[in-house]
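# A structural model of the following input is requested.
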Amino acid sequence: MARAGISRADLALIFFSAEHAARASELVSALARSVGTDCVFGSSGAGIVTGEGEVEGSSAVAVLVIASDEIIARPFIFEPLKGNEANLGATFGEFLAKADDKNSLMILLPDSYNGNPQPLLASMANKAGFHPAIGAGSTENGAAGATYQLCGDKLANNSIAGAYLSGDFRVHIDITQGCQPIAEPMMITKAEGNLIYEIDGRPALEAFARVLKGPLAEDIRRALMVLFVGVPADRRENSVAPGNYLVRNIIGLDPDKGILGVAEEVSAGEAMIFTMRDGQRAREDLGQMLQRQAQALGGKKPAFGLYFNCCARGHSLYGIPGIDSAYIRQALGDVPLIGMFGGYELAPLGRANHLFAYTGVLALITESD
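You can find the predicted model right below:
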């Protein structure tokens, strides 16, 4: 509060490691008392991100306080999430259709252990068309066995917390991919559901084997840990050009039939690409994303930023901690920044919101032109 130069906040966003949920009443009461408002929301994370650095694998709490006459915030929490995603998406969509704000941002923090965000995003879009949404799946470092979502004085799991921001501001959103292409784009020529039978007219497993090099060709289990499929973000454009693909896990294979199983429904005629999780390439892509953000800002300094990082990035991707926050600080300077390591990421690409994996999502809020 002292650093922000305010005595009372209009909104506070909190991320915390899951063990703090054991003393939930103290957590929420101390937060509301300290910031001077019950307009607060947030969730647990496998790690915490701030402008000063990152915390992975140990206890942490981070809070961003906002005092603004330009931003109107409406925090929320809904439960249960599991099995109720489409209904919740319809509820959000009906609200968005009625709100019809010129500038808005939906922040979504679903329990990643319960529920699937894709039907929620689809249902929301069916009701309201495109409205930008960002966020991440609430998660934890594996010690608690549950994730937690917070709004006001309520802390829950199997729920979705978040906030709808509207008002006189601009939001600049971009993503950085942790998995980069290792081959030219290909075409799925035979598929059913999430099973790929043929790629470019050849058995899918044969196409997969052709991209394996060196030690990966000798260790299929290791290959499946670092190699993934990229599918089009927009099925109508059917492009897997840089920045236009969604990374999905290869979840199984059948050596006898030459079939690949992927974590997404696919169909014949769709473009695809094989990608690799690689720290050096991820750094390069992060740098390129930050260059795009700096150009979009046009010299303006953001009022604050939100960064949602995949829990498979950070130390496990780069070999050392704090890379993402250090790159952001170097590119943008001393900008108030908060975020977490999530189970997946949510962000717009083109004119639709998507579920991402192995990705970093950066949203920067500036004053309106």
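
# does anything pack onto the longest helix belonging to the chain? Which helices or strands?
Across the chain, the helix with the greatest residue count (assigned by DSSP state H) is helix 279-297. The contact analysis (3 or more Cβ pairs under 8 Å, 6 or more residues apart in numbering; DSSP states H and E) places helix 279-297 against strand 169-177, strand 179-181, helix 314-318, helix 323-332, strand 359-367. Any C-beta I mention is one placed from the backbone N, CA and C, and that applies to glycine too.

# in three-state terms, label the residue sitting furthest away from the middle of the chain for me.
Going by Cα atoms, centre = their mean, the residue of the chain most distant from its centre is Asp256, 36.1 Å out. Three-state assignment for Asp256 (DSSP: H, G, I helix; E, B strand; the rest coil): coil.

# now do Ser239
Ser239 ends up coil, using three-state DSSP.

# just checking, it touches Ile273?
No: counting by Cβ atoms under 8 Å, Ser239 does not reach Ile273; the two are 10.0 Å apart.

# who has more neighbours out of these two?
Ile273 (25 against 17; other Cβ atoms under 10 Å).

# can you list the low-confidence ranges for the stretch 101-250 of the chain?
The model of the stretch 101-250 of the chain has no residue with pLDDT under 70.

# quick one: the strands in it?
104-110, 133-136, 149-151, 154-156, 160-167, 169-177, 179-181, 186-192, 195-199, 202-203, 227-232, 245-248, 250-254 (DSSP state E, counting those that start in this stretch).

# closest one to Ile323 among these?
Distance to Ile323, taken as Cβ to Cβ, is lowest for strand 169-177 among those, at 11.0 Å.

# and that closest one, which strands flank it?
strand 359-367 (antiparallel) (DSSP bridges).

# what's the angle from the partner strand to helix 323-332?
30 degrees (axes from the mean of the first three to the mean of the last three Cα atoms, to 10 degrees).

# now strand 359-367: average pLDDT?
In this model, strand 359-367 has a mean pLDDT of 96.

# who does Leu246 bridge with?
As for beta bridges, Leu246 partners with Val231 under DSSP bridges.

# so how many other residues sit close to it?
Residues contacting Leu246 under the criterion other Cβ under 10 Å number 20.

# from Glu184, how far off is it?
Note on Leu246: its distance to Glu184, by Cβ to Cβ, to the nearest Å, is 18 Å.

# ok, the residue farthest from the centre of the chain - contacts?
By Cβ atoms under 8 Å, 6 or more residues apart in numbering, Asp256 lies in contact with nothing.

# look at it and report its pLDDT.
Predicted confidence (pLDDT) at Asp256: the value is 91.

# go on, the one 5 residues further on?
Predicted confidence (pLDDT) for Gly261: 96.

# contacting residues for the closest residue to Ala294 other than its chain neighbours?
Of all residues not flanking Ala294 in the chain, Ala331 sits nearest, at 6.0 Å (Cβ to Cβ, 6 or more residues apart in numbering). Neighbour list for Ala331: Gly287, Leu290, Gln291, Gln293, Ala294 [criterion: Cβ under 8 Å, 6+ apart].

# how many neighbours does the third one have?
Read that as Gln291. Neighbours of Gln291 under the rule other Cβ under 10 Å: 12.

# cool, and the first one?
Neighbourhood size, Gly287 [other Cβ under 10 Å]: 14.

# same check on the second one?
Around Leu290 sit 19 other residues, with neighbours defined as other Cβ under 10 Å.
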